[in-house]
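Chemist: got a structure for you, letters missing:
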């Protein structure tokens, strides 16, 4: 039962991190990005790490592999996004 709850938590965190990218060109996506970053500048990275840990201790099998690799992908994606946002737009 505990493993199922951890897998559900991991899946919900995966959706919470993925949906802003899916609707990034719409007004809803912009609001979702603002809401995600309102928690903190590094909150997407922290949520990806928590989701990865929940997936790692969740249900074994293909579901664990997909959630773990999905959270790693989102972590790298948000890390690049935050790196560009922090260091890419500086004045020369």
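Modeler: Right, received. Where do you want to start? Please read all numbers here as calculations on a predicted model, not as lab measurements. Numbers count the residues shown, from 1 in each chain.
Chemist: Helices along the protein, start to end?
Modeler: Listed in chain order, the helices of the chain (DSSP state H) span 2-22, 27-38, 43-56, 62-83.
Chemist: hmm, who's touching the last one?
Modeler: Read that as helix 62-83. Residues outside helix 62-83 that contact it (C-beta atoms under 8 Å, 6 or more residues apart in numbering) are 7, 10-11, 13-14, 17-18, 21, 41-42, 44-45, 48-49, 51-52, 55-56, 58. Where you see a C-beta, it was placed from the backbone N, CA and C, and this is true even at glycine.
Chemist: With mean pLDDT added, can I get the helices of the chain in JSON lines?
Modeler: Formatted as JSON lines, those follow (pLDDT from 0 to 100):
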{"stretch": "helix 2-22", "mean pLDDT": "89"}
{"stretch": "helix 27-38", "mean pLDDT": "82"}
{"stretch": "helix 43-56", "mean pLDDT": "93"}
{"stretch": "helix 62-83", "mean pLDDT": "92"}
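Chemist: just these: most buried one?
Modeler: For those, the largest average neighbour count (mean count of other C-beta atoms under 10 Å) is found in helix 43-56, namely a mean of 19.
Chemist: Name the residues that touch that helix?
Modeler: 6-7, 9-10, 13-14, 16-17, 36-37, 40, 64, 67-68, 71-72, 74-75, 78-79, 82.
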